[in-house]
Every structure is written in C-alpha cells, then in structure tokens.
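> Using only what follows, build the 3D model:
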Amino acid sequence: MNPLLAVRAAEIARAQVREHPGRWGCLAALLVFGPPAVCLLIVVVLLAALTGTGDTSSAAGPKSAAVGDIPDDYLILYHQAAETCPGLDWSILAAIGKIETDHGRANLPGVHSGSNSAGAGGPMQFLQTTFDSVVARHPIPPGGAHPPSRYNPHDAIFAAAAYLCDSGARDGRDLHAAIFAYNHAEWYVKKVLAQAERYSCSAVQAPNTAAQTAIRFACDQLGLPYVWGGNGPAGGDRGFDCSGLTKAAYAAAGIALPRNAQTQYIAGPRVDAGRIQPGDVVFFGTSTGHITHVGLVLATASMINAPDFGKPVRIDPIGRVLGASRPAGTS
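Sure, this is the predicted structure:
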C-alpha cells in the first residue's frame, strides 16, 4: 500500500467522521486502533470513496475516462500540490506530467535517473539548477525524499506547482506565461492546455450513469472539427455540429435524441435553466421557436459544445440560455 494513499485515506476518514459520525465512526476507530489487516481493508474502502468507484449513482468520479490514465498516487499528488497555488488547477500539473514523462512511466533518459540531452530529469523534467532554486524558495512539504529530489514524484510535482505559481499561475494571473516558462514553446503551451482540458472535462461528476456516459463521450471528442450536419467519426464525418454532438453523446448512453437543436429543445424534458446540472443540455437562439445552438452542461457555468465553423469541439462558458432539458432524467 502506497503510504501517500494511506495518509489520504486517513484524511478522508477524519472528514467523514465529522460529517457522518453514525456511518463512519466505527470504521474510523478501527483505522486508528485496529490490527493492520483491518486498517488495510478500511484504506481500500476509503480509497474507493475517494475515486468514486464505490457509488455508481454518481458515476465514476475523478478516475473516469481520461483521468483513469493517471496513476492513483500521481493523481493525489497533482491535487494536493495544486492546492499550494491559488488559481492553479490540478489538471495543468497533470497535463505537464503526462506530456513530459507519461506520469513517470516513460522509459527515457533522465526520467528515473541521469538526465536527457537538455539536462532535465525526473517525472516533471526539471533542470537540477531550476529544481534547487525552486526548493530553496519553497520548501517541499514532508512526504518525499531527504533531501528533496527531482526524481521523487512528490518532490517534483510540488516543485512544479511552485514554479508555475511563481511564473504567473497564481490567481490565474497569466497561465500562458507560466506554462511557457516551463518550456519555451507555443506548441507546448497549446498541448498542455489541450491535455488539461481533457483531464478536467473527464473528471466531471454527473448525477447518474447515463449523464456521466454522455459527458465521457463528449469529452473524448474534444478538438474534433466543427462540421455542419456532422455526426462524428462513427457516423462517417470528421467532426460534429452542435446537435450532432449532443445526439451522439446521449446515444452512447442508450438515449435517443432528435437530430437538430430545435427538436431536441422540444423533446425535453425541460428543466429550470437556473438549476442545471452536469449532463443537462442547454439551448440558445433568438426565441424558443428559433433554437440555433445546443451544448452539454459540465458545470453551472461551463459546457462542452461544437460551436461553429472553424472552432473545434471545446469547453465554453454557458452564458445566457433560452432553456434547458435533462435527457438522462433523475435516476
């Protein structure tokens, strides 16, 4: 059992005891006082709660879709390290970890020892001088190597968060500049942002399995081109239009929607636009009789959609809507 996961499970136990003492009190007591075998079992149960695998009603939680690509210990570290920099989303750290070394899994020079041709080493590919400078300014929290090492995932990820924070990520001041400082290339910035968008999108937790399936499908289409009348690669098209995306997303969940935005609006079932939840679809246009666009809700203020010609499937702010519906119902 990875000690980091055990520590995280203990944190969950304490939080659950505070919120639901009747449900978790005995488990927490056993975790503290029980024999090792019982403690290990409790850790496994609590980790299932952390990753969402123990509650099918809220679907897969943070280990769904693309996020399942991230090892458990790395996923926890990305979340914890991001919390040290206000405004830095965990998905940015995860995207860098993916692009640099596939979360430490790449068998390339410099990942586990030594350095690559540029002198970088470790899972987050730090130059030794840069790593030392960051650690000198921002002491790494306990849990890594002694002294801190750029090859240790804990130390490298926390150092990466500090470096990004100093470079513009704090409070979202200039995320582009922060990523560019990490690797001075525009292609790199774009690749990190695109990967982070996929991770963030697939981590959305919907209220039921059908909505979660629709969201997962839509997230997997990020970056595909807008094609008027497009039904996606499975339908013989390079990409989607707005209603083609929502129709295909819910078809993946076994729910049939009409083909265009207007008929999807009419089909319902309608919900109050002020009470939307992940998996709902939101509609736009000049009037309820002239619906021209539809998107799939990820959060109260964001949706995934196929916007228009020249704009790929992407995540956008929702803004002002004419209506909303809930194809997945409330089950």
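> I'd guessed Asp241 sits against Leu224; true?
No. If you go by Cβ atoms under 8 Å, Asp241 and Leu224 don't touch, sitting 11.0 Å apart. Every C-beta, even on glycine, is put in place using the N, C-alpha and C of the backbone.
> So for these two, which sits in the more crowded spot?
Neighbours around Asp241 and Leu224, counted as other Cβ atoms under 10 Å, are more numerous at Asp241. The numbers are 26 against 19.
> Tell me how far the more buried one lies from Cys201.
According to Cβ to Cβ, to the nearest Å, Asp241 stands 19 Å off from Cys201.
> what does Ser117 give?
Taking Cβ to Cβ, one finds Ser117 at 34 Å from Cys201.
> Who has more neighbours out of the two?
Cys201 (25 against 7).
> For Ala210, which residues are in contact?
250, 253-255, 279, 327-329, 331 (Cβ atoms under 8 Å, 6 or more residues apart in numbering).
> Between the residues you listed, identify the one with the most neighbours.
Gly279 (29 neighbours).
> Excluding covalently adjacent residues, which one is nearest to the most centrally placed residue in the chain?
Closest residue to the average C-alpha location of the chain: Ser200 at 2.5 Å, with Cα atoms, centre = their mean. If the residues on either side of it in the chain are set aside, Ser200 comes closest to Ser91, at 4.2 Å by Cβ to Cβ, 6 or more residues apart in numbering.
> close enough to count as contact, that neighbour and Tyr199?
Yes. Ser91 is within contact range of Tyr199, at 4.2 Å (criterion: Cβ under 8 Å).
> Sketch out the low-pLDDT regions of the stretch 1-150 of the chain for me.
1-66 (pLDDT under 70).
> now the helices for it?
3-19, 21-33, 36-51, 72-82, 90-101, 128-137 (DSSP state H, counting those that start in this stretch).
> tell me the angle of the fifth one relative to helix 72-82?
Spelled out, that is helix 90-101. Here the directions of helix 90-101 and helix 72-82 differ by 130 degrees (axes from the mean of the first three to the mean of the last three Cα atoms, to 10 degrees).
> And for the last one?
Interaxial angle of helix 128-137 relative to helix 72-82 (the same axes, to 10 degrees): 60 degrees.
> Okay, buried residues for helix 128-137 please.
130-131, 134-135 (16 or more other Cβ atoms under 10 Å).
> now stretch 317-331
For stretch 317-331, by 16+ other Cβ under 10 Å, it's 318, 321-328.
> joint contacts of Asp241 and Leu224?
Ala306.
> Tell me where the stretch 101-250 of the chain has strands.
Assignment of strands within the stretch 101-250 of the chain using DSSP state E, counting those that start in this stretch yields the ranges 120-121, 126-127.
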